[in-house]
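Asker: Take a look and give me a structure for this.
(2 chains)
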Amino acid sequence: MNRQHPENLLHHLDTEQLSAYLDREVEAAEERALESHLAGCAACRSRLESLRGVAARVGRLNQLAPPVPPPWLGAQVRHHWKLRQQQGPWLMRVARGVGRDLRGWVLGAPRMAAAALLVPIAFSLLAYTPPPLPEPPNLPLMVDVSEGLTAVQLTTSRAAGKTFVLSKRGDVWMEEGLPAGSPYQRVAAGSPAGRALLTRYRDLGYLLADGSRVVLRYQRSTLELWAGS
Amino acid sequence: MEAATLTHSSSPAAPLASQDLALVERHRVGDARAFEEIYQRYDQMVYALALRLCSEPEQAADLTQEVFLRVFQNIHHFRGLSSLKTWIFRIAINHCRRSLGRRRFHWLSLFEEPSGEPSVIGLTLADPNRGPEELAVASDDSRRVTAALARLPLHSREAIVLRDLEGMSYEEIAEILSIRIGTVRSRIARGREQLRSLLEVP
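Answerer: Numbering: from 1, shown residues only, chains lettered A, B, ... in the order given. As a prediction, this is how the structure comes out:
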């Protein structure tokens, strides 16, 4: 790295010095020295401007297109946070308490602490109760007819390697096992995202053909695909 | 878990930290508005960071969700020794590093264009007064810069994003990345140099 006195015009400033100067992250004395060099060196001024241009182009990314989180994300975070809280906060509290105690033991007696690390694991295994299963989709298992209650078969279909169940009103194909009422992102079939999905899974198009919507999990998100652009 | 180490951070940020602590305390005693306040104050920031690090809107949304669950799960570790923003950024950076390291290959993203270059679909234009031509040029440049940024090594990308997009000081960046200020300086310089070479190619 170039650490000589910057006033020596025989040696150019290095990128690190120019970049830090650009960000005004240099000491006052170093700043004066750098400015003195820059005043007499066109090559370094040119490199400084070039770096300034790069930093400005990166900075403009947020001005032109500020990244905005999808509107459904907040609801999804709340939903998952509530689920996590319901899935045994007492166990988390116990584990945290044991963890705090363990930290003390680890500091005092490494061997005992190593052995004791197994305790919360064993405790969790013994005390663990599986989280409640998600509520099944709100689909009709029985229908009311004039003669009385009659069991009906659910209408199902296979597409994209998944099983879909037709909703009561016959307008939504919902992936089997998806919890009812979970927040989802709407994707039009004609949008770039929809086209990408249909290119990958052509058979989803059959489900959309009669104007139905399709709700499915895809890459860790829940999507509602609808025939439109 | 990063939260345990975060409590040992030592940057003084007194007035802001006391506000942050009050907010965290409200959340701890079950004030639902505090949850909303924390989320709404930082969601855009975390999403923007995740998007600039991974370049995919869908993955950025997943990362944002995971970061916030981690934040709320560990918020009792927050002691106000740094600002809440810095604390959340550290969790976000650590989580993105782990996730991006794990996902060495990825499936075709819904938002990825066939060229393989990151897309700006899903982003909204900030200045409606710009003309269509100006927007097209700006959008093209934005795409090129995003693609170049995506090709930087992760440690340079992190430093560049925190400095040039989040406007953080070298000291704040050093605290978030747990590195020395001298290292921040060299990572930013190296990243800019690489970006310059990448963007010079026509």
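Asker: how about the strands of chain A, start to end?
Answerer: Ranges of strands within chain A are A:142-145, A:148-151, A:156-159, A:162-166, A:172-175, A:185-188, A:213-218, A:221-226, based on DSSP state E.
Asker: list the helices and strands the fifth one packs on?
Answerer: In terms of contacts (3 or more Cβ pairs under 8 Å, 6 or more residues apart in numbering or on different chains; DSSP states H and E), strand A:172-175 is packed against strand A:162-166, strand A:213-218. Just so you know, the C-beta spots here come from the backbone N, C-alpha and C atoms, and that holds for glycine as well.
Asker: partners of the last one, with directions?
Answerer: In its sheet, strand A:213-218 lies beside strand A:172-175 (parallel), strand A:221-226 (antiparallel), with partners assigned from DSSP bridges.
Asker: can you check the shortest one too?
Answerer: Each strand pairing with strand A:162-166, determined using DSSP bridges, is listed with its direction: strand A:156-159 (antiparallel), strand A:172-175 (antiparallel).
Asker: Low-confidence regions, chain B specifically.
Answerer: Applying pLDDT under 70 to chain B picks out residues B:1-17, B:102-138, B:201-202.
Asker: Quick check, residue A:219 in contact with residue B:58.
Answerer: Yes - contact status for residue A:219 versus residue B:58: in contact at 6.1 Å, counting by Cβ atoms under 8 Å.
Asker: Just give me how far the longest helix seen in chain B sits from the chain centre.
Answerer: The helix that spans the most residues within chain B, counting by DSSP state H, is helix B:32-54. On the basis of Cα atoms, centre = their mean, to the nearest Å, helix B:32-54 sits 10 Å off its chain's mean C-alpha point.
Asker: quick one: pLDDT of residue A:178?
Answerer: Note on residue A:178: pLDDT of 80.
Asker: for it, phi and psi?
Answerer: Main-chain torsions, residue A:178, degrees, to the nearest 10: phi -70, psi 140.
Asker: I'd like the distance between it and residue B:29.
Answerer: In this view, residue A:178 and residue B:29 are 34 Å apart by Cβ to Cβ, to the nearest Å.
Asker: check contacts around the residue sitting nearest the centre point of chain B.
Answerer: Central residue of chain B (Cα atoms, centre = their mean): residue B:49, 2.0 Å from the mean position. Residues counted as contacts of residue B:49 (Cβ atoms under 8 Å, 6 or more residues apart in numbering or on different chains) are B:89, B:92, B:93, B:96, B:161, B:162, B:166.
Asker: what helix or strand is the first one on?
Answerer: When elements are assigned from DSSP states H and E, residue B:89 belongs to helix B:84-102.
Asker: Is that helix positioned near chain A?
Answerer: No - Helix B:84-102 lies out of reach of chain A by Cβ under 8 Å from any Cβ of the partner chain, never closer than 11.2 Å.
Asker: Tell me what angle that helix forms with helix B:32-54.
Answerer: Inter-element angle recorded for helix B:84-102 and helix B:32-54: 40 degrees (by axes from the mean of the first three to the mean of the last three Cα atoms, to 10 degrees).
Asker: so what does helix B:84-102 touch, helix or strand wise?
Answerer: helix B:2-6, helix B:14-28, helix B:32-54, helix B:57-74, helix B:154-160, helix B:170-177.
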